[in-house]
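1. using only what follows, build the 3D model:
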Amino acid sequence: MKKMIIGLIPALMLASTVSFEEALNDAYTNNNDLKAKKLNIEMAKQDFSKAKMFDFGRLYFEETFSRTNNALYVFGDKLSQREATFLDFGADQFTGPSALKVAPKNLNHPHFRDNYATKIAYDLPIFTGFKIKYAKEIAKLQVKAQKFKYQRNKNKLAVEVLKAYNGAVAAKYFIEALKSAKKTTTSFVKMTNNMYKQGVIVKSDVLNAEERDSEIDSKLIEAQNRYKLALSYLRFLTGNSDIDDVKTFKVIVAPESDLKTLQEEALQNRNDIKYMKSNVDTMKNKVKMDKNIYYPTIGTHLEYGQNNKDPQLNRNKDYYMISARLTYNFINPGDKEELQKSKIQAAQTALYYKHMQNGIKMEVEQKLLNLQAKTAVIKTKIKNRDLAENILHQYTSMYKNGIINISRLLMKQSEKQKADAELIKAKYDQALAAAELELAIGKKIKGENK
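-> So this is what the prediction gives:
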């Protein structure tokens, strides 16, 4: 016995009964799907950093090795290496005026030549037709957009955790209700056995009571399994493998406002509409960026390096180059079509944005109506439960006095059991409806345990 108790101690220490707030915090900290979605913000930040770096141009080092016997390239390599001589022009073959028609062997049929081209260069865009400016604006907007999207994903996860948590609470209450029903049916079995021994009732009444008692056992097993499944899903969402119990229902109390106020609040608060607005602004900037086709581009190139037949640095063979370039495209196939396409996409995104606004208003209205209906249902379910309980007490007394048979008593017990289950389900539905309304108006999940 002592060994059994000692063995249970680690399990009890690891076991955890959580509230909704604790489960939600665990989900925010541990949920890998949410972590993965948060990385979209980091990727957008990298794109923004990349866009900003274009202002500083491109600085790079380059080392190129080549070997060739191509007459043009060999002579060019010799010139770049500052080693060209008159012998390369066939000076040793020049013997007089008649030699003017001689093809110089060294020039036309040179030996192969190695060349190590070493350079460090810097390309700087001076003016790009505002392309870099709007590219930075677009990248910055996308960082904001991804932040809004992440917050929306957090709110969706909160509702999913709430569903899982309240689902576990509901399953737990079902178990408690069935245990209460079990006490009732067990008392019926005991009562019918006593009455049968006294000769007041027949054996079939006892069997009917035992059958109902056995049915409760089966339902209790099913309810316990549903509870385990609900806890398993909650552990998955939260990343907390120690959760083995939950506290009470979490009911998110919706703000007491009229429909119009809630709709206006939703359009101001919801992260998905903010995300869409960022996309609208992004497309506007995309149009501005693509208008760079109407402007020239100006850039400069700075280069310092050397060419050598050996991989060695030699100041006598170095060179520098400074260049500037202005480009203006009078005709460049596809540019105007690309700009027109951007304008169409911007108009399309703006229409989607307006459509989303109307959709949000409709969603808030639907969620509010749903919550009002679920709240009204609870009142009727409480009344039904109380009536079923009183009727069951009365029918129990009537059965003991021989006024009704066992079938009618068991029917009322079944109705009481059903009323308990429906009340639990109604509370779950109300909690979920309130949370969905909070999500629809863009508020974080919060409230009191009830």
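2. packing partners for the top strand by length along the chain?
-> In the chain, assigned by DSSP state E, the strand with the most residues is strand 113-127. Contact analysis of strand 113-127 by 3 or more CB pairs under 8 Å, 6 or more residues apart in numbering; DSSP states H and E lists strand 58-68, helix 71-80, strand 297-308 as its packing neighbours. C-beta: built from backbone N, CA, C; applies to glycine.
3. ok, D290 touching I344?
-> No - using CB atoms under 8 Å, D290 makes no contact with I344, being 11.6 Å away.
4. neighbour count winner among these two?
-> D290 (20 against 12; other CB atoms under 10 Å).
5. and whichever strand or helix holds that one, C-alpha only, in CSV?
-> Here D290 sits within helix 271-290, counting by DSSP states H and E. The C-alpha trace of helix 271-290 is given here as CSV (Å, rounded to 0.1, in the frame of the first residue of the first chain):
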residue,chain,number,x,y,z
ASN,A,271,-7.2,43.0,-37.4
ASP,A,272,-8.3,41.4,-40.6
ILE,A,273,-9.8,44.6,-41.8
LYS,A,274,-6.6,46.4,-40.8
TYR,A,275,-4.7,43.8,-42.7
MET,A,276,-6.8,44.3,-45.8
LYS,A,277,-6.4,48.1,-45.5
SER,A,278,-2.6,47.6,-45.5
ASN,A,279,-3.0,45.6,-48.7
VAL,A,280,-5.0,48.4,-50.2
ASP,A,281,-2.3,50.9,-49.3
THR,A,282,0.3,48.4,-50.6
MET,A,283,-1.4,48.3,-54.0
LYS,A,284,-1.6,52.1,-54.2
ASN,A,285,2.2,52.3,-53.6
LYS,A,286,2.7,49.5,-56.2
VAL,A,287,1.0,51.7,-58.8
LYS,A,288,3.2,54.6,-57.8
MET,A,289,6.3,52.4,-58.0
ASP,A,290,5.4,51.1,-61.5
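6. what does that helix rub up against?
-> Defining contact as CB atoms under 8 Å, 6 or more residues apart in numbering, one finds that helix 271-290 is touched by 130-131, 134-135, 137-138, 141-142, 144-145, 148-149, 151-152, 155, 266-267, 335, 338-339, 342-343, 345-346, 349-350, 352-353, 356-357, 360, 442.
7. kindly give a single ChimeraX line that selects the buried subset of the residues you listed.
-> Buried residues among the contacts of helix 271-290 (16 or more other CB atoms under 10 Å), as a ChimeraX selection:
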select :131,134,135,137,138,141,142,144,145,148,149,151,152,155,266,267,339,342,346,349,356,357,360,442
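8. dump the residue contacts of the closest residue in space to Y227 that isn't next to it in sequence.
-> Closest residue to Y227 apart from its sequence neighbours, by CB to CB, 6 or more residues apart in numbering: A171 at 3.9 Å. With contact taken as CB under 8 Å, 6+ apart, A171 is in contact with 223, 226-227, 229-230.
9. what about A171, helix or strand, and which?
-> A171 is part of helix 131-197 when elements are defined by DSSP H and E.
10. tell me the pLDDT of K2.
-> On pLDDT, K2 comes in at 48.
11. kindly report the same for K274.
-> Per-residue confidence (pLDDT) for K274: 92.
12. same question for L24.
-> L24 carries a pLDDT score of 92 in this model.
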